[in-house]
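Enquirer: model this:
(2 chains)
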Amino acid sequence: MAVDMSTEEHQPPGISDRAAVARTATKNTLAEPPECRPLDVEVLRKDFPLLSQVVNGHPVVYLDSAASGLQPRAVLAAMDRYYETTHANVHRGVYATAEEATHLYEGARARVGRFIGARDPGREIVFTKNATEALNLVAQSWGRRNLARGDVVVLTEMEHHSNLVPWLALAEERDLELRYIPVDGQGRLDLSTLDRLLDGARVLAVSAMSNVLGTINPVQELAAAAHDNGAIVIADGAQSVPHTPVDVGLLGADFLAFSAHKLYGPTGIGVLWGRAELLEDMPPFLCGGGMILDVRLDRFVPAEPPARFEAGTPPIAEAVGFAAAIDYLSGIGMERVRAHERALTADALEAIEESLGADCRIFGPPAGNDRGGVISLAYRDVHPHDVAQVLDQFGICVRPGHHCAKPLMRKLGVPATARASIGVYNDLGDIEALIGALKEVGRLFG
Amino acid sequence: MWTAPANPVTAVSWGSAVADLEELYREIILDHYRSPRNRGELPVPPAHRVEGFNPLCGDEVVVTMLVDDGVLTDIKIAGSGCSISQSSASLMSAAVKGKPVEEVEALVRTFKGMMSIHEATLGEPPGTDDERSRAAASAPEAAASGPDGAEAEEGAEAPDPALGDLSTLGELAALQGVVKFPVRIKCATLSWNALAQGLRELEAAHG
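Expert: Sure thing, here's the model as predicted:
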């Protein structure tokens, strides 16, 4: 791995004071980032084979990490090594390879747990197919056991469909009441009616960071308010966990869902972290092998969590790759990742504004502590599909569309946006390429 | 400030990217996008109304059509979407208005034939356009197993655009550049599929 793993100077003295000042000043729970040794992006980019690809005759400019991150070589090598030397099914065989596979799979669970500050990964980390399955698991298992007609579930207007449709489906089945925290003109949650919305609520399900606006939501504050009302809190961390330091001990949520592939790991594996006491009270979600203690012809006894929620052969190689991705990010340090992306987002917003001015409308809050590296934009009145098409001709990967957030698109009054999103390997050169190609959009569509 | 790179290789690819884009976004396409023809909706009844929807990008098209004594006497287009879907709908409306239904159906087939070979080969390993055309032309059963079975089958029956006479398409031939951009084919065919569906529904209703 080309990344310098040393963590000296990681937290220079005086950080906590600065953070405390920032907290008071901004009146939210998102701390001012500590000053970190900057990332050497030039060096780091060499770890990602896909970045040396040429697309349409241009070196690829990858600005779609909110959809999926690229994989460093360490992740690919770990998965190859697993298949070449250790592959066997887990939790079953007694032969050495099978035991080693189980060891690797459970080891991945422990590393994923440590990465987000879980106290007891062996009881709290459930591997799923992706973040969507993790969120469905909570709605279907916890929701069906605990929610009945008239119960209130509070969501936000900026939710990804994966944290919205499972609740719409359950609301239809159980006749639940859904309430929404509105989004204000700057793309932040409008908390002015929060008390009223949470009154009598059983669930608050909220995105920790918007995949459209880049808004980093004050989950800690929301969770405290929800708990005061007796509601449980589900955080969708699909965007926040790969790009910001997350500690479930501080976050205050009861469940946290995220996926590996947005965190520079493989596709096909995600995580549900949940408080052990809640998971223990939940019925199985998918049923089959591996999730039972005993089966008879007329009944079954489910296993304890997390096995209870991991029916069938799990994504073992993916767990190994996931752990390698976590090691890679931990080697950099999440504070440094966030500092890099925060600074680049600020520079990007400024450069776009300076170069394109009124031609380019950017959605979401201005640069700051509550702004992640997701930049949704509209270029004049050119349809985002056309914008992305032109950018593709220059090797620039952005995403046009509704980003699985159709209610938010309606709120913003657009059918779709073109979205450029930042990862650890991006630098200002990528943003300058984006700006240059956007000017080409202007020339073509005049 | 960032400018087109001076490196000759990259500068050439920059030029070719612009050339490809100019082929896709021909002046006539941009003209129909900016000033769409036959815009609006006809009153229903007597007109027949069909909605087309591309869930991938959110493009929507509403086609209202009036058929009288075997002739498509009037057509209007509503909805919103990208330049390709909107201009294709506008060009279509101009091309089919006032034509006998049989002629319209033939035009739909020819147009979709122009679009379909690449549609049928989506998901196959990358090759040159020529290789893909040859593969699709010589193996209709492979084409039928493409991601959109029904469409691919229809395409396999249509005349091979490499050999066929595109002159019947008139201005519509401007949309030929779209086949170089497989993702956009669904945009270009959105209104055509709606029109074809409408004609089928009318035929079924009136025998």
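Enquirer: Every contact and neighbour count from this point should use C-alpha atoms.
Expert: Noted.
Enquirer: And the helices in chain B?
Expert: Assigned by DSSP state H, chain B shows helices spanning B:8-24, B:27-34, B:83-96, B:101-120, B:129-138, B:140-144, B:149-157, B:185-206.
Enquirer: so what does the longest one touch, helix or strand wise?
Expert: The elements that helix B:185-206 packs onto, with contact taken as 3 or more CA pairs under 8 Å, 6 or more residues apart in numbering or on different chains; DSSP states H and E, are strand B:48-54, strand B:59-68, helix B:83-96, helix B:101-120.
Enquirer: Measure how the third one sits relative to helix B:185-206, angle-wise.
Expert: Between helix B:83-96 and helix B:185-206, the angle comes out at 40 degrees (axes from the mean of the first three to the mean of the last three CA atoms, to 10 degrees).
Enquirer: Helix B:83-96 packs against which elements?
Expert: Here helix B:83-96 touches helix B:27-34, strand B:71-80, helix B:185-206, going by 3+ CA pairs under 8 Å, 6+ apart.
Enquirer: In the stretch 151-300 of chain A, what residue lies closest to chain B?
Expert: In the stretch 151-300 of chain A, no residue comes nearer to chain B than residue A:161, which is 13.7 Å away by CA to the nearest CA.
Enquirer: Check which residues of stretch A:101-115 are buried.
Expert: Across stretch A:101-115, burial judged by 16 or more other CA atoms under 10 Å in any protein chain shown covers A:101-102, A:104-115.
Enquirer: Would you mind giving both backbone torsions of the residue nearest to residue A:308 when sequence neighbours are not counted?
Expert: Using CA to CA, 6 or more residues apart in numbering or on different chains and skipping the chain neighbours, the partner closest in space to residue A:308 is residue A:291 (4.3 Å). Main-chain torsions, residue A:291, degrees, to the nearest 10: phi -110, psi 20.
Enquirer: residues touching residue A:291, list them.
Expert: A:284, A:302-303, A:307-312 (CA atoms under 8 Å, 6 or more residues apart in numbering or on different chains).
Enquirer: can we see that at 7 Å?
Expert: Shown in contact with residue A:291 (CA atoms under 7 Å, 6 or more residues apart in numbering or on different chains): A:302-303, A:307-311.
Enquirer: Distance of it relative to residue A:136?
Expert: 17 Å (CA to CA, to the nearest Å).
Enquirer: what's the burial count for residue B:196?
Expert: 16 (other CA atoms under 10 Å in any protein chain shown).
Enquirer: Next: residue B:94.
Expert: Neighbours of residue B:94 (other CA under 10 Å): 18.
Enquirer: same check, this time on residue A:357
Expert: Look at residue A:357: counted by other CA under 10 Å, it has 11 neighbours.
Enquirer: ok, now residue A:143?
Expert: So residue A:143, with other CA under 10 Å, has 21 neighbours.
Enquirer: Make sure it is indeed in a helix.
Expert: Yes: assigned with DSSP: H, G, I helix; E, B strand; the rest coil, residue A:143 falls within a helix.
Enquirer: Mind pulling up the pLDDT for residue B:31?
Expert: Looking at residue B:31, its pLDDT reads 87.
Enquirer: So for it, what's the nearest residue that isn't a sequence neighbour?
Expert: Residue B:31 sits nearest to residue B:87 (CA to CA, 6+ apart), 7.9 Å away.
Enquirer: Quick check: the one you found touching residue B:26?
Expert: No: Residue B:87 is not in contact with residue B:26 according to CA atoms under 7 Å; the separation is 10.6 Å.
Enquirer: who's more crowded, those two?
Expert: Set side by side, residue B:87 and residue B:26 show more neighbours around residue B:87, with 27 against 15, by other CA under 10 Å.
Enquirer: Show residues contacting the one helix or strand residue A:273 maps to.
Expert: Secondary structure assignment for residue A:273, by DSSP states H and E: strand A:270-274. Strand A:270-274 has contacts (CA under 7 Å, 6+ apart) with A:124-131, A:134, A:254-260.
Enquirer: What parts of chain A come near chain B?
Expert: A:57-58, A:383, A:385-386, A:390, A:393-394, A:401-402, A:415, A:432, A:436 (CA under 7 Å from any CA of the partner chain).
Enquirer: Looking at these, which two lie furthest apart in space?
Expert: The most widely separated members of these are A:57 and A:415, with 30.7 Å between them, by CA to CA.
Enquirer: From residue A:386, how far off is residue A:193?
Expert: Distance from residue A:193 to residue A:386, counting by CA to CA: 39 Å.
Enquirer: Compare these two and say which is more crowded by neighbours.
Expert: Each of residue A:193 and residue A:386 has its neighbours counted (other CA under 10 Å); residue A:386 has more, 21 against 10.
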